[in-house]
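# Need coordinates for the following:
(chains A and B)
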Amino acid sequence: MHDTVSAAEDVLTIAGRSMRSRLLLGTGGFPSLEVMAEAIAASGSELVTVALRRVGVGGDLKHRGSLVDVLADAGVQLLPNTAGCHTARDAVITARLAREAFATDWVKLEVIGDEDTLLPDAPELLRAAEELLDDGFVVLPYTTDDPVLARRLADLGCAAVMPLGSPIGSGMGIRNPYNIALIREAVDVPVVLDAGIGTASDAALAMELGCDAVMAASAISRAQDPVAMARAMRAAVHAGHLARGAGRIPRRLYATASTPDEGLADFGDGAPGLS
Amino acid sequence: MILLNGERSDVRAGESVAAVLVRLGLAVDARGVAVAVDGEVVPRASWESFTVGEDARVEVLTAMQGG
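So this is what the prediction gives:
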């Protein structure tokens, strides 16, 4: 599944679209559009999320209008999300509006079930995914780290699954690496670790566990230096992916000498001792 | 009373979606904008012809940084 291949062939393919970058970027939380654009370039990301909100909310129109322009200039593909939706119905309508606004049938499907943890609502998520798939969408669902739910979503026809490492924006990393590894085994579609990434080592771990890509938003946008963190995440995703392909050594309780014992010198008992 | 983005508005029944966009200072060919009336998407191609009814709930959405 993860053969070592040349860089030219080693692409992430979701729903027939091939990308050289295995880092998806969220656009929320950046201090300015300028920093966001710089961070996108530094991250190498080709797929970035964007939200839909009422006109007249959250900054002046001119500023928000230019978001679409900045992202177009960056040459990235947009991945609209349904962030903030709490029911399948709201998520489906939001996805349809996003398709209209951004001329893409891709959607990062989020259906939130709890205000404090922002954890997904599994039954509503399945319902929304089914409806959107019937409507021709390319659905990338944000899901819990439950291998059974991930398999259900993949079986419905979702183009990828996006399990969380820990709650959105928590920076708590991957709380259940075993489940992420199980999800990798459970589905044939790409696995994109979404939510919870705090720093570069979290992204590397996700890739080492077998994820095909990592999505980072707050970890980059709210870092003290977002552009430098974008660069770090890019390197970490690459390193983790290479390490996964290379095949790590097994963990052992006791030491295994890396230097052979054969040919070890024997200095005899008569040799002078230490003073 | 027609609700525009959740607020009472002076949009009148019979106005086109395009006219509502102009009220909001948007161009009728605005990029990254989508409109729903009573929970149904109004496709871009219908913005000129689609008119809002009495007590309609109009939502005009656009891109925002997120996710």
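
# who does the lowest-mean-pLDDT helix or strand in chain B touch, helix- and strand-wise?
Every helix and strand of chain B was ranked by mean pLDDT, DSSP states H and E. The lowest is strand B:7-8, at a mean of 86. The contact analysis (3 or more Cβ pairs under 8 Å, 6 or more residues apart in numbering or on different chains; DSSP states H and E) places strand B:7-8 against no helix or strand. C-betas here are computed from N, CA, C, even on glycine.

# Show me the strands in the stretch 1-150 of chain A, by range?
A:12-14, A:17-19, A:23-26, A:47-54, A:77-80, A:106-109, A:138-143 (DSSP state E, counting those that start in this stretch).

# Output the fourth one as CSV, restricted to C-alpha atoms.
Looking back up the chat, that one is strand A:47-54. Taking Å, rounded to 0.1, in the frame of the first residue of the first chain, the C-alpha atoms of strand A:47-54 are listed here in CSV:
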residue,chain,number,x,y,z
LEU,A,47,-6.2,22.0,-1.2
VAL,A,48,-7.4,24.5,1.3
THR,A,49,-10.7,24.8,3.2
VAL,A,50,-13.0,27.8,3.1
ALA,A,51,-16.2,28.5,4.9
LEU,A,52,-19.5,30.2,4.0
ARG,A,53,-21.0,32.9,6.2
ARG,A,54,-23.6,35.6,5.9
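
# Buried residues in it, which are they?
Within strand A:47-54, the residues that qualify as buried by neighbour count (16 or more other Cβ atoms under 10 Å in any protein chain shown) are A:47-54.

# These: which ones sit near chain B?
Among the buried residues of strand A:47-54, the residues within reach of chain B (Cβ under 8 Å from any Cβ of the partner chain) are A:49-54.

# Residue numbers of chain B in contact with chain A?
Residues of chain B found near chain A (Cβ under 8 Å from any Cβ) are B:5-6, B:24-26, B:30-36, B:39, B:41, B:43-44, B:59-67.

# still on that earlier bit, now render the buried residues of strand A:47-54 as CSV, adding distance to A:Met207 and pLDDT.
Listed next are the buried residues of strand A:47-54 as CSV, based on distance: Cβ to Cβ, whole Å; pLDDT from 0 to 100:
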residue, distance to A:Met207, pLDDT
A:Leu47, 16, 97
A:Val48, 19, 97
A:Thr49, 19, 96
A:Val50, 24, 95
A:Ala51, 26, 94
A:Leu52, 30, 93
A:Arg53, 32, 90
A:Arg54, 37, 89
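
# quick one: the residue nearest to A:Arg231 when sequence neighbours are not counted and chain B, what's the gap?
Excluding the flanking residues, the one nearest A:Arg231 by Cβ to Cβ, 6 or more residues apart in numbering or on different chains is A:Ala42, at 4.7 Å. A:Ala42 sits 17 Å away from chain B when distances are taken as Cβ to the nearest Cβ, to the nearest Å.

# Can you lay out the buried residues of strand A:47-54 as CSV showing distance to A:Gly263?
Shown next, in CSV, are these (distance: Cβ to Cβ, whole Å):
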residue, distance to A:Gly263
A:Leu47, 54
A:Val48, 57
A:Thr49, 58
A:Val50, 63
A:Ala51, 65
A:Leu52, 69
A:Arg53, 70
A:Arg54, 76
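
# Please work out which of the strands of the stretch 1-150 of chain A is packed deepest.
Mean neighbour count (mean count of other Cβ atoms under 10 Å in any protein chain shown) peaks for strand A:23-26 among the strands of the stretch 1-150 of chain A, with a mean of 29.

# Tell me, how many residues neighbour the residue of the stretch 101-250 of chain A found nearest chain B?
Per Cβ to the nearest Cβ, A:Ala101 is where the stretch 101-250 of chain A lies closest to chain B, at 3.8 Å. By other Cβ atoms under 10 Å in any protein chain shown, 24 other residues sit near A:Ala101.
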